[in-house]
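# Sequence and computational prediction follow.
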Amino acid sequence: MERSTPPSLIVHKTDWKAALLLGVAICLLALACMNIIQRQSSLAGLWLPTALLIPVLFHHHFRQWLPLLCAAALGIAAAHAVMGTPLTHYLPYLINNLIEASLSATLLRRMLPAQDPLSGLSSWVKFLLIAVVFCPLVSSVIMMLFILHIHSPAELQSRFATWFMSEAVAILALTPLGLIYQRGYFTKNLTSKRFFELFLTLILTLIAGFLALKWLPYTFAFITIPLLWCAIRLPRIEAFIIFLSMTLMIALLHTSGIITVQPHTTVQIPQGLIFLPLLLILMPANAMAMAMHSLRTEKSHITQSENRFRNAMEYSAIGMTLVSPQGKLLQVNKALCHLLGYEADYLTTLTFQEITYQEDLGKDLTLFRQLLDDEIQSYTMEKRYLRRNGEIVWALLAVSLVRDEDHNPLYFISQVEDINELKHTEMTNKRLSEALHEEKELLHITLNSINEAVISTDRNMNITFMNPVAEKMTGWTEQQAQGQPVNRIVLISKGPDGPMIDNLMQFDINENLHSSVERSLVLHGHETGLFDVQLAVSPLRTLKDEPIGIVLVLQDVSKSRELMRKLSHSASHDLLTGLANRGSFESSLKKALNLTATRQQIHTLAFIDLDRFKAINDSAGHAAGDELLRQLSALMQEHIRNSDRLARLGGDEFALILFDCPMEQGLITVQQLVDKINAYPFMWEGKMYRIGASAGLTQICNPYVSASEFMAQADMACYTAKRNGRGQVFKYEADQKTATAHAPHSSQPPQTGRE
Ligand SMILES: Nc1nc2c(ncn2[C@@H]2O[C@H](COP(=O)(O)OP(=O)(O)OP(=O)(O)O)[C@@H](O)[C@H]2O)c(=O)[nH]1
């Protein structure tokens, strides 16, 4: 049997106090037993020390037994010492007492629960068989072994009976009390009134017992009556106290000779069995006390359980009702009355069918019948009840059936939980969810049909949604992109070859709006190429303003940006020749001046004017003039560096900046250009024409001189070149405000005209 030691009984250290008390108590009991009862025999007729030792050992852990057994041994030894018994005489008996108590306590600990060892009749019977019958028999046999050699068979028989009876009666009288006693019982339970009652009952019982023993015939039959009366009336501990008191009184009266327990028969009862009647009256009394205890415990359990159920029902926040098998409401609680708006008295005159909403009654009745027919153990359903004021209220009904021992239905227990609000909220939620679904659908359709790419992310910047345009532009399907970091899917740079934008969240939309066309945002699609895009990044936030992700809107602006590029190009370039125009050239000139200021670079500025160009127009037509301008532009462009800047200022006038180029080198380069133009054979409609060019140069080396001043200087040098016979290159002389000719390497300029 599984033993659970109650906390109060767990002793971790040696309980010296208990051992001392035990030793003293056993010494006194042994003295009493030896003094009062020992008369004709060397064995006492009633031996209480073992009866006390058994429950003490029972309530202590095995580890505590040694000091307790020692204390008990010392107590018995002390009593014998007082009585003057030699050690050799009593030592075997003492050891036998200790063996018997240990065996009995061990078996009882195995067979009985620790918390309440004698809780009912069955545990008492176990106690009886172990402690009152078996163990005393074992110790009697052991005792016989000690004295076999010294006594005659008749005396052995008598001693066997005396030993057994003295142990059995004492254990039956005292040990149950020790087993069931719990520390603090009397202080907790025995009020002065109850103590007085106990005392009175004890006195009356003892007097009744004494009178029966002294004067009535069938002595023990009459003694049983007050004992049974005590067993029925008193709690078991108090009944056991009276049984013990009665036992002690009878033993005392008998040994003192006031009464005799010897029956008035001719048959002489052996001395050893003199207390056999005591054993016989104690057993039914004990059994009755135990039966009554069980009955009281059971009654208390039932009362408690009833109280619990009544309280649970009455104070439950959920409506509860007991319903008869016919459907009548037998008992209802406050919560149900409140839910349905009826008085309890009126509600109990109705049936559940009468308060059920008609549409829900069919299902309820079906389940009700299934429960009655034992097809199901219980059922729950959502149903509507009709309130007294005609309102309909939603409730969650849970029904179970209580049956009697013969399995006949007694009543239903129904729990009715108010779910009215929940139900209405559910309906509202359903409507909301439908509306939400519609909104979502609408949103999806809108997002699918717009021309912008829309991409949303979660708070960890992982993609959660992409519309079809986004799929097309990024080159990823929504399924592939979902859960991927947005930076892996949406690759955006500033300009086609510019740096990538690492953090889209930090992206400044204003910066994008004001950046040049070249630095505008470009989306790098996965195998879909580059897209000029306009990007808008918006954070997604909850109602509590907590960030939950971002939404990217990418607009493909490739076409408009191409148009802008064209517009920008035509604004800065000459339409006929494709060279830079005057405005653009002036910007380049400012740039050159900046470089001079910041890096001390020297540049050469040249003015080139075609000679006698008018004659081509006049002789071959304007279209020929245009074509010649185009060809000469291309010719000049071919012979300068990419870093140099050639512009058509208007008519047949060109300007050239040779960046980071000193005058000497500039003169050589421009002279080569003039020579090329002079030698250029222009074919038009099968005829060849020749023209020439004059050029004026100046050096940009002073950042404090204005751009227009440099232009004027170059213009002046060019003018001088023209005036000096055309086809020449002149450089501007700063100190003299004049221009000087550059020694030409080539031949004289050709005469314009058809060859
Ligand atoms: N075909 C054509 N002719 C132009 C264009 N712009 C200006 N012209 C003409 O180019 C000529 C320029 O005049 P000038 O510089 O005096 O003519 P030029 O014959 O080169 O005279 P010099 O420079 O003194 O040698 C004018 O006849 C203009 O009508 C153009 O875009 N296309």
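Thanks, I have it. None of these values were measured; they are calculated from a predicted model.

# what about the closest residue to the ligand within the stretch 651-755 of the chain, neighbour count?
Here the residue of the stretch 651-755 of the chain nearest the ligand is G651; by CB to the nearest ligand atom that distance is 3.6 Å. (Glycine included, C-beta is placed from N, CA and C.) G651: 12 surrounding residues under other CB atoms under 10 Å.

# what do you get for L148?
Using other CB under 10 Å, L148 has 10 other residues around it.

# helix, strand or coil for K731?
Look at K731: counting by DSSP: H, G, I helix; E, B strand; the rest coil, its state is strand.

# which residue packs closest to it, ignoring adjacent ones?
Take K731 and drop its neighbours on the chain: the residue closest to it by CB to CB, 6 or more residues apart in numbering is L697, 4.5 Å away.

# where does L554 fall, helix, sheet strand or coil?
Applying three-state DSSP: L554 is strand.

# Against the ligand, how distant is it?
Distance from L554 to the ligand, counting by CB to the nearest ligand atom, to the nearest Å: 44 Å.

# and E382, that's in a strand?
Yes. According to three-state DSSP, E382 belongs to a strand.

# Is K214 in contact with M249, as I believe?
No. K214 is beyond contact range of M249, at 11.7 Å (criterion: CB atoms under 8 Å).

# Between the two, which is the more surrounded one?
M249 (17 against 12).

# Need the three-state assignment for L118.
coil.

# tally of neighbours for it?
For L118, using other CB under 10 Å, the count is 25.

# tell me the SS of I455?
Under three-state DSSP, I455 falls in the strand class.

# what residues are up against the closest residue to it other than its chain neighbours?
Excluding the flanking residues, the one nearest I455 by CB to CB, 6+ apart is L552, at 4.5 Å. Contact partners of L552, counting by CB atoms under 8 Å, 6 or more residues apart in numbering, are A453, V454, I455, S456, T457, V486, V490, L504, L535, A536, V537.

# The fourth one contacts V537, correct?
No. Contact status for S456 versus V537: not in contact, 10.9 Å apart, counting by CB under 8 Å.

# Run through the residues of the stretch 501-650 of the chain sitting next to the ligand.
Selection of the stretch 501-650 of the chain residues close to the ligand by CB under 6 Å from any ligand atom yields L576, D609, L610, D611, R612, F613, K614, A615, N617, H622, G625, D626.

# Just the buried residues of these.
D609, L610, D611, R612, F613, A615, G625 (16 or more other CB atoms under 10 Å).

# Test my guess that the third one contacts Y680.
Same thing as D611. No. Using CB under 8 Å, D611 makes no contact with Y680, being 11.8 Å away.

# shared neighbours of those two, which are they?
Joint contacts of D611 and Y680 (CB under 8 Å, 6+ apart) are I691.

# Present the buried ones among the residues of the stretch 501-650 of the chain next to the ligand as JSON lines; the columns should include pLDDT.
Formatted as JSON lines, these follow (pLDDT from 0 to 100):
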{"residue": "D609", "pLDDT": "96"}
{"residue": "L610", "pLDDT": "95"}
{"residue": "D611", "pLDDT": "94"}
{"residue": "R612", "pLDDT": "90"}
{"residue": "F613", "pLDDT": "93"}
{"residue": "A615", "pLDDT": "92"}
{"residue": "G625", "pLDDT": "95"}
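
# ok, those vs the ligand, which is closest?
G625 (2.4 Å).

# and the closest one, what element?
Per DSSP states H and E, G625 falls inside helix 622-638.

# which parts of that helix are buried?
Across helix 622-638, burial judged by 16+ other CB under 10 Å covers A624, G625, E627, L628, L629, L632, S633, M636.

# Which secondary structure state is assigned to T698?
The three-state label given to T698 by three-state DSSP is strand.

# so how many other residues sit close to it?
29.

# How about L443?
L443 is flanked by 11 other residues according to other CB under 10 Å.

# And it, what's its pLDDT?
In this model, L443 is scored at 85, pLDDT.

# What strand or helix carries it?
Assigned by DSSP H and E, L443 belongs to helix 420-449.

# Show me what counts as buried in that helix.
N420, K423, L447.

# Would you mind putting the residues you listed into a markdown table with distance to the ligand and pLDDT alongside?
Shown next, in a markdown table, are these (distance: CB to the nearest ligand atom, whole Å; pLDDT from 0 to 100):
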| residue | distance to the ligand | pLDDT |
| --- | --- | --- |
| N420 | 91 | 89 |
| K423 | 87 | 88 |
| L447 | 53 | 85 |
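
# Where does the prediction get shaky in the chain?
Applying pLDDT under 70 to the chain flags residues 1-14, 36-44, 150-151, 260-274, 505-519, 735-755.

# Could you rerun that using 50?
The chain contains residues with pLDDT under 50 at 1-12, 736, 745-755.

# ok so, going back, what's the closest of the contacts of L552 to the ligand?
Closest to the ligand out of the contacts of L552 is L535 (43.1 Å), distances taken as CB to the nearest ligand atom.
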